[in-house]
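Student: Need the 3D shape of this:
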Amino acid sequence: MEFKLLYWYWLVFGMVLIIAELFIPSFTIFWFGLGAILVAGLLLILPELAISWQLLIWAIASCILTFLWFKLFKPLMVDRSKAGISREAILGEIGQVIRIPEQEKRGIIRFTTPLLGTDEWPFICDQQVITKDNAVIIANAVAYINIISPEKSVYGVEDYRLAIQNLVQTSLRSIIGEMDLDDALSSRDEIKARLKAAISDDIADWGITIKTVEIQDINPSETMQKAMEEQAAAERGRRATVTRADGEKAAAILEAEGRLEASKRDAQAKVVLAEASQRAIQKVTDAIKDNELPVMFLLGEKYIEALKNLSNSDNSKVIVLPGDIPAAVRGIISAIGK
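Tutor: Here you go, the predicted model:
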C-alpha cells in the first residue's frame with residue numbers, strides 16, 4: 001500500500017512550525033510553516049499530487065517566502081518609525097529577546113515595530129560589581145568616542161563598539177573593586193576620571209579618542225539596599241534610645257539636685273527658725289523676770305485667739321478649759337522661768 005500525505009498532515013506540520021517560531025525566534029521557521037500551509041491548500045485542489053512534488057513545492061515556496069521577506073518586505077519597513085508613528089506609540093514598546101548577552105557578545109532584542117530604522121537592537125544588561133568590602137552594586141558607564149582614523153577602527157579591531165564596551169565594563173569593575181562601598185557611591189567624578197584614563201591609551205591604537213565618560217548607574221543591589229535600609233533604621237532606633245536615655249538621666253540628675261538643694265534650704269530654714277525661737281525665748285525670759293503681769297496678758301490674748309479659731313471651724317469638737325486660767329498661765333510662766 002502506497003503511503004499518502006493528506007492535506008491536514010501539512011496543515012498540522014505548518015502550524016507546529018509557526019508555533020515553534022515563538023520559542024526559537026529566528027523569523028525563518030515561520031516561512032517554512034507558511035509554505036507547509038500553502039501545500040495543504042494545494043492538496044485540497046489537487047489531492048492526487050505526488051509526495052515528491054509536495055516536498056519540492058514546500059521547499060521552493062518556503063525559500064521564496066523567506067527570500068521575499070528579507071530582501072523585499074523587510075527593507076520596506078525600515079523607515080516605519082519615521083513615517084507617521086508618533087513618539088508616544090514607540091515609548092513602552094515591548095520586544096522579544098532573541099539572543100541573550102554573553103561575555104563577548106551583546107544580546108539582541110526584536111520589536112514588532114521598527115524603531116529608528118530597524119526592528120532588532122543590541123543590548124547589554126546591568127553588570128554587578130563587587131567592591132573592596134564585598135558589597136554588590138549595579139554599575140554602568142557610557143563612553144562617547146570620536147573616530148579620528150576610520151582605517152584603524154575597521155582594521156585594528158574586529159568590532160570597535162563591542163571592544164570598547166568590554167573595555168569599559170572590565171575597567172569599571174576593576175576601578176570599583178578597589179573601592180569601599182561608601183567611596184564607590186560618593187566618588188563618581190573620581191571613577192569617571194580613572195575610567196577615562198584607563199581606556200584612552202588602549203583605544204588610541206584603534207584610531208579612536210574618548211570625548212567623555214559618564215557614569216550611567218551606580219546603585220547598590222536590591223539585597224544591599226534592603227540591608228542598608230535595615231542598618232539605617234537600626235541606627236536611628238539606637239540614636240533615639242540613646243537620646244531618650246540621656247534625657248531621662250539628665251532629668252533624674254536635675255530632680256536629685258533639686259531635692260538636695262531643697263533639703264539644704266529646709267535644713268537652713270529650720271536652723272534659722274530654731275535660732276530665732278531661741279532668741280525670742282531668751283528675750284521673753286529676760287523681759288519677764290519677776291514681772292508676770294504683761295506675760296499673763298500676752299499669753300491670755302493668744303489663748304483667747306486660739307479658742308476663737310477653734311470655735312470658728314466646722315469640725316465638731318470638745319474643748320476642755322482649765323478652771324483657773326490665770327493660775328494655768330502663772331504655772332506656764334513659772335516653768336519658763338526655771
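Student: Show me what the helix or strand where residue 189 lies is in contact with.
Tutor: If you go by DSSP states H and E, residue 189 is part of helix 188-204. Contact with helix 188-204 is made by 141, 143, 145, 160, 163-164, 167-168, 171-172, 174-176, 179, 184, 209-210, 212-215, 218, as judged by C-beta atoms under 8 Å, 6 or more residues apart in numbering. Using the backbone N, CA and C atoms, a C-beta is placed for each residue, glycine as well.
Student: can you rerun that using 10 Å?
Tutor: Helix 188-204 is contacted from outside by 139, 141, 143, 145, 147-149, 152-153, 156-157, 160, 163-164, 167-168, 170-172, 174-176, 178-179, 183-184, 187, 208-215, 218, using C-beta atoms under 10 Å, 6 or more residues apart in numbering.
Student: Mind checking which of the residues you listed are buried?
Tutor: 139, 141, 143, 145, 152-153, 157, 160, 163-164, 167-168, 171-172, 175-176, 179, 184, 187, 208, 210, 213, 215, 218 (16 or more other C-beta atoms under 10 Å).
Student: and these, which of them are in strands?
Tutor: 139, 141, 143, 145, 208, 210, 213, 215, 218 (DSSP state E).
Student: Mind putting those into TSV with distance to residue 195 and pLDDT?
Tutor: Conversion of these to TSV gives the following (distance: C-beta to C-beta, whole Å; pLDDT from 0 to 100):
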residue	distance to residue 195	pLDDT
139	10	83
141	6	83
143	8	83
145	13	83
208	15	86
210	9	84
213	5	86
215	8	83
218	11	81
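Student: From these, pick the one nearest residue 230.
Tutor: The closest of these to residue 230 turns out to be residue 218 (C-beta to C-beta; 21.1 Å).
Student: OK, contacts around that closest one?
Tutor: 129, 137-141, 172, 176, 184-188, 191 are the contacts of residue 218 under C-beta under 10 Å, 6+ apart.
Student: Kindly recompute the last result at 6 Å.
Tutor: Contact analysis of residue 218 by C-beta atoms under 6 Å, 6 or more residues apart in numbering lists residue 139.
Student: Kindly report the same for residue 209.
Tutor: Here residue 209 is in contact with 146, 148 (C-beta under 6 Å, 6+ apart).
Student: in this protein, which spans are helices?
Tutor: Assigned helices in the chain, in chain order: 7-23, 29-45, 51-68, 74-76, 87-90, 150-155, 160-177, 181-186, 188-204, 222-288, 293-312, 325-337 (criterion: DSSP state H).
Student: Comparing the ones you listed, which comes out most buried?
Tutor: Scoring these by mean neighbour count under mean count of other C-beta atoms under 10 Å gives helix 29-45 as the most buried, with a mean of 19.
Student: Mind giving me the packing neighbours of that one?
Tutor: Applying 3 or more C-beta pairs under 6 Å, 6 or more residues apart in numbering; DSSP states H and E, we find helix 29-45 packed against helix 7-23, helix 51-68.
Student: Just give me the lowest mean pLDDT stretch among these.
Tutor: Comparing mean pLDDT across the helices and strands packed on helix 29-45, the lowest value falls on helix 7-23: a mean of 85.
Student: Minimum distance to residue 107: which of the helices of the chain has it?
Tutor: For residue 107, the closest of the helices of the chain is helix 160-177, at 11.8 Å, according to C-beta to C-beta.
Student: what's the angle from the closest one to helix 188-204?
Tutor: 140 degrees (axes from the mean of the first three to the mean of the last three C-alpha atoms, to 10 degrees).
Student: what's helix 160-177 in contact with?
Tutor: The contact list for helix 160-177 (C-beta under 6 Å, 6+ apart) reads 127, 129, 139, 141, 143, 153, 157, 184, 191, 194-195, 198-199, 202, 206.
Student: Pull the most distant pair out of the residues you listed.
Tutor: Greatest spatial distance among these (C-beta to C-beta): 153 and 184, at 31.8 Å.
Student: Low-confidence regions, the stretch 201-338 of the chain specifically.
Tutor: Along the stretch 201-338 of the chain, the model assigns pLDDT under 70 to residues 277, 280-281, 284-303, 307, 310-311, 313-338.
Student: Quick check: the closest residue to residue 135 other than its chain neighbours vs residue 128, distance?
Tutor: Nearest residue to residue 135, sequence neighbours excluded (C-beta to C-beta, 6 or more residues apart in numbering): residue 181, at 4.0 Å. Distance, residue 181 to residue 128, by C-beta to C-beta, to the nearest Å: 13 Å.
Student: tell me the domain ranges of the chain?
Tutor: Domain assignment for the chain by automatic domain parsing gives 7-76, 101-224, 289-338.
Student: The ones you listed into a markdown table, with extra columns for distance to residue 261?
Tutor: Output for those, formatted as a markdown table (distance: least, C-beta to C-beta, whole Å):
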| stretch | distance to residue 261 |
| --- | --- |
| domain 7-76 | 87 |
| domain 101-224 | 49 |
| domain 289-338 | 35 |
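Student: With respect to residue 236, which of these lies nearest?
Tutor: Nearest of those (C-beta to C-beta): domain 101-224, 17.9 Å.
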